[in-house]
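S.K.: Sequence first, predicted coordinates after that:
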Amino acid sequence: MKLYLPKRRAWIVLVASTLLTVVVVIGLKNRRPFVGVPTPENLSRLDPQLRDYVNQQLNWVGRVPNDPERQATLGLVYAANLLWPEALQCFSNYTRLNPLDPLGQIYLAVAVQEVGNYAEALQRFRHIAQEFPDFAPAQDRLGTALLRSGAVEEAQEVFRQMIKVAPGEWRGYAGLGESRLRLNAFSEAAEFLERARSLEPGSRLVHHLLGNAYRGLGRNQEAEWELRLGLNSEQSPMPDPWGLSAPKHVRLLPRQIELADEYVAAGKVDEAIRILGEALKYHPDNLTVLEHLSIASREMGQFEKAQQFARRMIELDNRSVKAHVLMADACLDLGLHDQALKHANLADELGPDLPQPCLVKADALFAIGRIEDGLAARKEALRRDPQNPLIVLDIGDALLRMRNDPRSAKEFFEKAAQMDPTLAPAHVRLAEAAILLNDFGEARHSLDMAKKLEPDMPALAGLEARLHEAKDAK
């Protein structure tokens, strides 16, 4: 039986059918590939805090698994907590969903590198740098990978390209300087590294490399200075939005403690306390977490909290030297001098070869007016740790502040500056003692050294004024 439709209705059906076909074809052509949500095989065995955070992120990503930004975030969660195989899968998913973003390609290559496939990672970095020649982070990653693999000639060309696209980024000059250094072109290396230093004076890596360049040129005094400034240098990639957001995902306890230390050093103590406070919820009896919380609380001026954390440490382990030292410090902050001395003595009994108990004991003795005993305690700390210039500095401080003896103090400040010429406080104290002794030439030299090391040091402006006043009065 034939079905007859009016001509108008037949035409409408034909048009609708055609449009439906076009929509389906376009949808099939443009739809994102379906990707899974990588889950750690050992999820149930992860640290509880990390496990809970990963589960939270898995639920969030699982609701919209084909959202590239959610895949990227989960990848950063895994990377920040050293779960690199899972991070690799997430970054691979992201590049399938968003293949035109160079940042996703970079982090996929980094994950490949972290799981041990260095040759493949290098090839990926090469490809990204070729595809995105104006994307400086790609040049930085490639150049660094090439230097690690020994391909120095190729690396220097990559860093030249990086300088072209990012002339204000110090890593391009540092990378080119290191490339020339490895080829024994010391003069050229020094030139590029000096340029990097001018862009980023605080980079330990640049100071370390420049010290080696100066050593190659026979400029030994300058080399020693730069190498001291470059102690404990580390390679760090050019910042990018993903890398800057990664720390907020850290939930692995050792990395949280390390991150908190970095925040304290950078003056972001409130952020350190936030991280450690979250860790404490899952690790209420962890002595290391409590120790760092006590230290950070003191930095914030929260002395009662610092005391509470130290007290909890003692409850957990009454033979902990660190716990009694921290308790003594907190008691001093609160004006509880007798209690401070009690805990300092306990720490000294428990750690008879350690310098820290002697240092806090000295502070407690000074607080109750026993100046000579305090000096003796600081000298005992130096006997226990004779290579520590900070203790030498402390002895000089006591001679200057407690005994009002700038001449004897100056000897210790000079010794501290000799032990570590890059220790800015030593030069500041030396300038102060020299002003009191009317040795204005040495005071000027010491202030100039301190400015060179830490130009923003708060004490410098006051000492400059004191030097001018002393010279005018003379």
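M.R.: That came in fine, so what should we check first? Numbering: from 1, shown residues only.
S.K.: Could you count how many residues lie near the nearest residue to Leu199 once chain neighbours are set aside?
M.R.: Closest residue in space to Leu199, ignoring its immediate chain neighbours: Trp170 at 3.8 Å, by C-beta to C-beta, 6 or more residues apart in numbering. Backbone N, C-alpha and C define where each C-beta goes, glycine included. The number of residues packed near Trp170 is 21, by other C-beta atoms under 10 Å.
S.K.: now do Arg274
M.R.: 14.
S.K.: Where does it fall, secondary structure wise?
M.R.: helix 269-282 (DSSP states H and E).
S.K.: residues making contact with that helix?
M.R.: 47-49, 250, 253, 256-257, 259-261, 263-264, 286, 289-290, 292-293, 296-297, 299-300 (C-beta atoms under 8 Å, 6 or more residues apart in numbering).
S.K.: buried subset of those residues?
M.R.: 47, 49, 250, 253, 256-257, 259-260, 263-264, 286, 289-290, 292-293, 296-297 (16 or more other C-beta atoms under 10 Å).
S.K.: Quick check: next helix or strand after the lowest-mean-pLDDT helix or strand in the chain?
M.R.: Every helix and strand in the chain was compared by mean pLDDT, DSSP states H and E; the lowest is helix 7-30, with a mean of 43. Stepping forward along the backbone from helix 7-30, the first helix or strand reached (DSSP H and E) is helix 48-63.
S.K.: following that next one, which helix or strand comes up?
M.R.: The first helix or strand that comes after helix 48-63 along the chain, using DSSP H and E, is helix 68-80.
S.K.: could you measure the residue most central in space within the chain against Asp405, distance?
M.R.: In the chain, the residue lying closest to the centroid (C-alpha atoms, centre = their mean) is Glu262, at 4.7 Å. Going from Glu262 to Asp405 by C-beta to C-beta, to the nearest Å gives 39 Å.
S.K.: Which positions within stretch 366-386 qualify as buried?
M.R.: Buried residues in stretch 366-386, counted by 16+ other C-beta under 10 Å: 366-367, 371, 374-375, 377-378, 380-382, 384-385.
S.K.: what domains does the record give for this structure?
M.R.: 60-227, 255-318, 387-474 (automatic domain parsing).
S.K.: What is the linear distance spanned by the last one between its boundary residues?
M.R.: The stretch domain 387-474 measures 38 Å between its terminal residues, going by C-alpha to C-alpha, to the nearest Å.
S.K.: burial measure for the closest residue to Thr39 other than its chain neighbours, as a count.
M.R.: Nearest in space to Thr39, with sequence neighbours left out and distances taken as C-beta to C-beta, 6+ apart, is Leu58 at 6.2 Å. Taking other C-beta under 10 Å as the criterion, the count of residues near Leu58 is 17.
S.K.: Leu58 is in contact with Gly36, isn't it?
M.R.: No - using C-beta atoms under 8 Å, Leu58 makes no contact with Gly36, being 11.2 Å away.
S.K.: Where does Arg228 fall, secondary structure wise?
M.R.: helix 220-229.
S.K.: got the contact list for the following helix or strand past that helix?
M.R.: The first helix or strand that comes after helix 220-229 along the chain, using DSSP H and E, is helix 241-245. The contact list for helix 241-245, computed with C-beta under 8 Å, 6+ apart, reads 72, 76, 103, 107, 237.
S.K.: and helix 241-245, which residues are buried?
M.R.: Buried-residue list, helix 241-245, by 16+ other C-beta under 10 Å: 242-243.
S.K.: Also stretch 463-473?
M.R.: For stretch 463-473, by 16+ other C-beta under 10 Å, it's 463, 467, 470.
S.K.: What about those residues, which are in strands?
M.R.: Among the buried residues of stretch 463-473, none falls in strands (DSSP state E).
S.K.: Restricted to helices, list these.
M.R.: 463, 467, 470 (DSSP state H).
S.K.: Just say helix, strand or coil for Pro201.
M.R.: Assigned by DSSP: H, G, I helix; E, B strand; the rest coil, the conformation of Pro201 is coil.
S.K.: For it, list the residues it contacts.
M.R.: Pro201 touches nothing, counting by C-beta under 8 Å, 6+ apart.
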